[in-house]
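# Sequence first, then the predicted structure, then my questions.
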Amino acid sequence: MDSILGIHEAALAFRARRMEVLATNLANADTPRFKARDVEFADVLRNTGLKPRLEVTARGHIGATDDPRTGPLLYRMPYQPAADGNTVEAEQELARFAENAVAYQATLRFIGGRIATLRMAITGSRA
């Protein structure tokens, strides 16, 4: 399936994982000392063999890998942390969640289009 779907399979797994991470952040917006986390798309590119534009310059820049398919789960630097130590900024998280949802839908459409093209090539018709 890798040759058929290309990078879209990895992108879909990344988008699904990021959706989980962002939802966890939003669910813990009122939890004292909770630290917001996120995943980086560059790590997905690295795992698929494609070279990202930015490289890590020191070992300490990357946290522990929670999911080998989507790369390490990193802490986010807040613009304004709460007094109780919580670093979730609900408005920022909602914007990232919406952006990720749109990208997830786009990836699904790319995969659907690819499958439709293959079906048409095999059967010779659109139906």
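Perfect, thanks for sending it.
# List the buried residues for the longest helix along the chain?
In the chain, with assignment by DSSP state H, the single longest helix is helix 90-123. Residues of helix 90-123 classed as buried: Gln92, Glu93, Arg96, Phe97, Asn100, Ala103, Tyr104, Thr107, Phe110, Ile111 (neighbour count, 16 or more other Cβ atoms under 10 Å). All C-beta spots, glycine's among them, are computed from the backbone N, C-alpha and C.
# Would you agree the first one is in contact with Tyr79?
Same thing as Gln92. Yes - taking contacts as Cβ atoms under 8 Å, Gln92 lies within contact range of Tyr79: 7.3 Å.
# show me where this protein has helices.
Under DSSP H, the chain gives helices at 2-5, 8-27, 41-47, 90-123.
# Dump those helices to TSV, plus mean pLDDT and distance to Tyr75.
Shown next, in TSV, are those (pLDDT from 0 to 100; distance: least, Cβ to Cβ, whole Å):
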stretch	mean pLDDT	distance to Tyr75
helix 2-5	68	31
helix 8-27	90	11
helix 41-47	65	14
helix 90-123	92	14
